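In: Just need the structure, nothing else, for what follows:
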Amino acid sequence: MAKKKSARWHTVYSIISTVIEEAGIAALFLWLMPLFGIVVPIWGVILVLAGFAVFSYFMYRIGHPTILYEAVNSPESIVGSTGVVERSLNPEGYVRVCGELWQASGTEGNVEKGEEVIVTSMDGLKLTVVRKSRSIDEQLH
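Out: Numbers count the residues shown, from 1 in each chain. Purely as a prediction, here's the structure:
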């Protein structure tokens, strides 16, 4: 329920902010520019406002899912997750964990592309991983 309320609020906020921005653009074209001797015909103002409205709509459609994305890949939740090596770790490379590509380093020599790994720690945006075939006690210590 909280997610729906958040989505509704984001939509209302987007509409209100777009209307305010449109009013600012209209004021610029109809009031400020004529003060400097630049006169834009009304059809030009309407065209610019329509173009901005289309642009705003597409930016909303692109950004809306991102704003509502829950932070499932926090450091607390990613340690212990399973991933797959995308670029060989010798000792550094890239792994895919929780659907995202991460820079990683292996603690046990080369790990080839396609092998499963488990995240043991996170330092900034870099993961430390071990092969999944090792026991749980060895991976976390």
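
In: in this protein, which spans are helices?
Out: 2-27, 33-35, 42-67, 75-78, 136-140 (DSSP state H).

In: Redo these as a markdown table? Include distance to Glu116, mean pLDDT and mean neighbour count.
Out: All C-beta spots, glycine's among them, are computed from the backbone N, C-alpha and C. Formatted as a markdown table, the helices of the chain follow (distance: least, C-beta to C-beta, whole Å; pLDDT from 0 to 100; neighbours: other C-beta atoms under 10 Å):
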| stretch | distance to Glu116 | mean pLDDT | mean neighbour count |
| --- | --- | --- | --- |
| helix 2-27 | 31 | 81 | 12 |
| helix 33-35 | 62 | 93 | 11 |
| helix 42-67 | 29 | 89 | 12 |
| helix 75-78 | 15 | 70 | 13 |
| helix 136-140 | 12 | 51 | 11 |
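
In: Which one, of those, ends up nearest to Thr107?
Out: Thr107 sits nearest to helix 136-140 of all the helices of the chain, at 9.3 Å, using C-beta to C-beta.

In: Return the residues in contact with Tyr94.
Out: Going by C-beta atoms under 8 Å, 6 or more residues apart in numbering, Tyr94 touches Val85, Glu86, Arg87, Leu101, Trp102, Gln103, Ala104.
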